[in-house]
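Visitor: For reference, the sequence and a predicted model appear below.
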Amino acid sequence: MDFSHKAVEKKWQKFWEQNQTFKTTNNNDKKAYILDMFPYPSGAGLHVGHPRGYTATDIISRMRRMQGYDVLHPIGWDAFGLPAEQYALKTGNDPREFTSQNIKVFKKQLQTLGFSFDYNKEINTSDPNYYKITQWIFQKMYENGLAETREADVNWCEELGTVLANEEVLNQNGKMVSEVGGFPVIKKPMKQWVLKITKYADRLLEGLDKLDWPSSVKELQKNWIGKSEGLEIKFQVKSSSDHINVFTTRGDTIFGVSYLVLAPEHNQVLKITTDQQKKAVEQYIQETRTKTDIDRQDDSKPKTGVFTGAFGINPVNQELLPIYIADYVLKDYGSGAVMAVPAHDPRDWEFAQKYQLPIKFVQQSKTNDKPFVGESPLINSDFLNKLNPKKALEVIAKHLKDKKIAESKINFKLRDWLFSRQRFYGEPFPLLFLEDGSIALVPESELPVQLPKIDYIKPSGTGESPLVNAKEWVNTTFNGKQARRETNTMPQWAGSCWYYLAYILTTSPNNFVEINSKEAFELFRKWLPVDLYIGGQEHAVLHLLYARFWHQVLFDLKIVPTAEPFQKLLNQGMILGENGEKMSKSKGNVINPDEIVDSHGADTLRVYEMFMGPIDAALPWSFKGLDGSRKWLDRVYRLIAKKTINAKNNKNLDFIYNETVAKVSQMIEDMKYNTAISQMMVFVNAANKEDEIYKPYAEGFVQLLSPFAPHLAEELWELLGHKESISSSKWPQSDATKMQKNTSIIAIQINGKLRATIEVELGTSEQELLKKAKSEENIVSHLKDKQILKEIVVVDKIVNLVIK
Ligand code: ANZ
């Protein structure tokens, strides 16, 4: 190795800290807010996946500073969370203590990687100063009718002792399990806080159009929001004054309905069920309780149901339709009831087969042994016959609406956000329950409501939060009256819903400008929206949807000036183990970044992770590649430190240098970091062939390198005679006049066929071109014993010889 990375990296990290090199400035018109998804400080420390995203943002941040932008490039800690609480439970330690230990380790690791974060802006979501504002925002939501308590069927996880949001529950072989830990989750009714994100469904959907986000993430959010336009149609119940409302997106298939289905929990079920069917129906309802929505929607599971004994009447042809209950119909979607069209809906098909219900095709289909779900014209449908489905839908909608049998209806898959957790380690709710049952907000002057200093954090065993055991904390007064604190806490997502705003407001770690102030609004005007946000794809529908929701609420409250928080988003790809599998402890293929920094240096790790391939691709780790990156940095060091650096330009590198500046600048702009490094390698190869290097070119090259390998670049910059950090130098510019090649490639043809090419100086004369062409080896052999009839020459382009 040619330079000691340990000495160099330590030296410059100290320099940056002492000189506050990366302190956020506020004196230019141009700004760049470049954000990483802040880490959850787990006990495991950073893994090699973290530096990939962090290096990508660091490169842009460093270039932008040198281009004269004000740059906000902060970091902080998503510090509340289940793992810390579980660790605390297991070991009897305080999760706060544990978390602050972890943060120290993480911060040390980040510093050794040389990221240009402004640590003055460090935040911690579990700091009372921080969650004071989280609580304040919640109060605003409550005041604006966006937060309320609700008795709801919640996802209850016995093992974790808490309720989970839909987004925190995974489907594992048709069973619900917790995202954290993979424990079983069941449905259970409980009184909970919800945030009414559904009120923002349309805006969350429409806002996506204007964002520069990966289309995969937009698609995930779209599907999660799940807007569906259809009709709600009334079906009269036979011999009764009741009617059933069904939601359908396929009103055009109404002549093909052969039965109706209600969700087992539908509130009309018991009313319409006949005495004879009562027992079977009740039993089925009981069985449904144990099933999860995921199970119920699983198309691979056989369909089940029970006849209620009642019939509905089809409004278009008065046919009698048996009414069933079946768990494949969900209570909380649409109206919880469907008109079943077995010929054109696979679920209904399966059900109809099983219970021997009629199947009537109302669209042309080649076969009738499976459901048809395409676009063919209508049949067996009276006045809809021959129409295509779209037109038929228009006609039937008008027909039914005129008769007041149907209404247009829009449904969303998005549910309100279940916002309370039965946990100790989260933000307390800033409100009180009074004896008369009413709810009072804790006065703003008394925020934050802090967590009590208790060591006992075991689950209460009743499903309530461990905080119920903090009696002195729970029981308080409000205006001289007895009051009880809410003992649930907020979910981990709360703190990350506004942390990108917190950085803007930070004056020193965890100290903030008042969020609801003119000063704050000005700062938001300066910095919003975030210009580039990089993080994992796993946050597509959790954090990224919740944060957009809070932002839109804050926009409506005129706290922030932009409609959306994150203009450009990029998901960094995963780094896999050397064997191409996901890194995991059990597979023994985990790479520890600390060891790499120790053996090869932070610059090498940074360059290697950027050189691996496109930033959004999942790629396997390779020690060979890592060694290669180190060897290249050694070459770079030798090039600048050992070669003669000359004040005079011999012009040999004019073209390649200027081309490299232009290309690397653009490639960083486009986040094509791997090709940017390739281009720098091309330059180093060319420069290595020279005996001396023109000083401005050596300097410019080191500047290009500096976002990637900042420690080595600072060292070389100093060697080149500079006293200030390379960060405060101006990003190099390419000189276009030096990028024009002064040679041209001439095609030499014989009878119109390309036989050779030659490179000549621009403007080479016709005669000279002919002479050169005729002396080319391949041309000589083709001309042998032949007679030249004609010579056609176009200067700078072509020589064509016509021969016999
Ligand atoms: C008749 C029909 C005919 C349907 C056909 C589909 C195909 P999306 O697009 O997801 O909104 N549906 C309505 N409410 C339901 C519930 N609570 N549980 C389960 N399924 C329900 O789907 C709308 C369609 O899903 C509706 O249109 C309804 O079935 C069913 F050839 O009505 B359809």
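Guide: On my side now, so go ahead.
Visitor: Write out the residues of this structure neighbouring the ligand.
Guide: 228, 247-250, 253, 263, 329-330, 333-334, 336, 338-339, 341, 344-345, 411 (CB under 6 Å from any ligand atom). For the C-beta atoms, the positions are set from N, CA and C on the backbone; glycine is no exception.
Visitor: could you redo the last one with a cut-off of 8 Å?
Guide: With CB under 8 Å from any ligand atom as the criterion, the chain comes near the ligand at residues 226, 228, 230, 246-251, 253, 256-257, 263, 297, 328-341, 343-345, 347-348, 371, 373, 411, 413.
Visitor: Filter those down to the buried ones.
Guide: Neighbour counting by 16 or more other CB atoms under 10 Å classes 230, 246-248, 250-251, 253, 256-257, 263, 328-329, 331, 333-341, 343-345, 347-348, 371, 411 among the residues of the chain next to the ligand as buried.
Visitor: so of those residues, which ones are in strands?
Guide: Gly230, Val246, Phe247, Thr248, Ala337, Val338, Met339, Ala340, Asn411 (DSSP state E).
Visitor: Mind telling me the two of the residues you listed farthest from one another?
Guide: The largest separation in these, counting by CB to CB, is between Ala340 and Asn411 at 17.7 Å.
Visitor: elements contacting the helix ranked longest in the chain?
Guide: The longest helix of the chain (DSSP state H) is helix 623-642. On a contact count with 3 or more CB pairs under 8 Å, 6 or more residues apart in numbering; DSSP states H and E, helix 623-642 meets helix 602-611, helix 673-688, helix 695-705, helix 710-719.
Visitor: Of all those, which one is nearest Ser445?
Guide: Across those, closest to Ser445 is helix 710-719 (CB to CB), at 45.5 Å.
Visitor: Compute the inter-axis angle for that closest one and helix 623-642.
Guide: For helix 710-719 against helix 623-642, the angle by axes from the mean of the first three to the mean of the last three CA atoms, to 10 degrees is 10 degrees.
Visitor: contacts for helix 710-719?
Guide: Residues from elsewhere that reach helix 710-719 (CB atoms under 8 Å, 6 or more residues apart in numbering): 3, 5, 8-9, 11-13, 15, 58, 62, 114, 116, 601-603, 606, 633, 636-637, 640-641, 699, 702-703, 705-706, 725-727, 729.
Visitor: Quick check: next helix or strand after that helix?
Guide: Under the assignment DSSP states H and E, the closest C-terminal helix or strand after helix 710-719 is strand 743-750.
Visitor: and that following strand, which strands flank it?
Guide: strand 753-761 (antiparallel), strand 798-803 (parallel) (DSSP bridges).
Visitor: now what about the shortest one, what contacts it?
Guide: Applying CB under 8 Å, 6+ apart, the set of residues contacting strand 798-803 from outside is 746-752, 769-770, 773, 779, 782-783, 786-793.
Visitor: For the closest residue to the ligand within the stretch 501-650 of the chain, which non-adjacent residue is spatially closest?
Guide: For the stretch 501-650 of the chain and the ligand, the shortest gap (CB to the nearest ligand atom) falls at Val541, measuring 16.7 Å. Counting by CB to CB, 6 or more residues apart in numbering, Val541 lies nearest to Trp224, which is 4.4 Å off, once chain neighbours are set aside.
Visitor: before we move on, what about Ile359?
Guide: Pro342 (4.5 Å).
Visitor: Against Thr253, how distant is that neighbour?
Guide: Pro342 is 10 Å from Thr253, where distance means CB to CB, to the nearest Å.
Visitor: Equivalent analysis for Arg415, please.
Guide: Taking CB to CB, one finds Arg415 at 27 Å from Thr253.
Visitor: same question, Asn267
Guide: Separation of Asn267 from Thr253 (CB to CB) stands at 26 Å.
Visitor: And for Asn144?
Guide: 42 Å.
Visitor: try Gly43
Guide: Per CB to CB, Gly43 is found 56 Å from Thr253.
Visitor: mind checking the SS state of Leu545?
Guide: Three-state call for Leu545 (DSSP: H, G, I helix; E, B strand; the rest coil): helix.
Visitor: Got phi/psi on the closest residue to Pro128 other than its chain neighbours?
Guide: Ranked by CB to CB, 6+ apart and with sequence neighbours excluded, the top spatial neighbour of Pro128 is Pro448, at 4.7 Å. In terms of degrees, to the nearest 10, the main-chain angles of Pro448 are phi -80, psi 150.
Visitor: shouldn't Pro448 be in contact with Lys132?
Guide: Yes: with contacts counted by CB atoms under 8 Å, Pro448 reaches Lys132, the gap being 3.6 Å.
Visitor: Of the contacts of strand 798-803, which belong to strands?
Guide: Ile746, Ala747, Ile748, Gln749, Ile750, Ile788, Leu789, Lys790, Glu791, Ile792, Val793.
Visitor: Tell me how many other residues surround the third one.
Guide: In other words, Ile748. 23 (other CB atoms under 10 Å).
Visitor: how close does it get to the ligand?
Guide: Separation of Ile748 from the ligand (CB to the nearest ligand atom, to the nearest Å): 65 Å.
Visitor: who's that residue bridged to?
Guide: According to DSSP bridges, beta-bridge pairing links Ile748 with Ala756, Val799.
Visitor: got a list of what it touches?
Guide: Leu754, Arg755, Ala756, Thr757, Ile758, Ala773, Glu776, Ile779, Ile798, Val799, Asn800, Leu801.
Visitor: Work out for me the element Ala440 sits within.
Guide: Going by DSSP H and E, Ala440 is part of strand 439-441.
Visitor: now the nearest residue to Leu653 once chain neighbours are set aside: how far from Ser728?
Guide: The spatial neighbour of Leu653 that comes closest, neighbours along the chain excluded (CB to CB, 6+ apart), is Tyr697 at 5.4 Å. Per CB to CB, Tyr697 is found 20 Å from Ser728.
Visitor: Same question for Gly68.
Guide: Taken as CB to CB, the span from Gly68 to Ser728 is 11 Å.
Visitor: And for Val530?
Guide: For Val530, the distance to Ser728 - CB to CB - is 24 Å.
Visitor: same check, this time on Leu554
Guide: On the measure of CB to CB, Leu554 and Ser728 end up 35 Å apart.
Visitor: Next: Ile693.
Guide: 23 Å.
Visitor: Looking at the two, which one has more neighbours?
Guide: Ile693 (23 against 11).
Visitor: Show me how far the host helix or strand of the more buried one is from its chain's centre.
Guide: Using DSSP H and E, Ile693 maps to strand 692-694. On the basis of CA atoms, centre = their mean, to the nearest Å, strand 692-694 sits 46 Å off its chain's mean C-alpha point.
Visitor: what about that strand, average pLDDT?
Guide: What strand 692-694 shows for mean pLDDT is 96.
Visitor: quick one: strands adjacent to that strand?
Guide: Strand 692-694 has these strand partners (DSSP bridges): strand 644-646 (parallel).
Visitor: what's the neighbour count on the residue in the stretch 651-800 of the chain that the ligand sits nearest to?
Guide: When scored by CB to the nearest ligand atom, the stretch 651-800 of the chain has Met671 as its residue closest to the ligand, at 36.1 Å. A count of neighbours around Met671, defined by other CB under 10 Å, yields 21.
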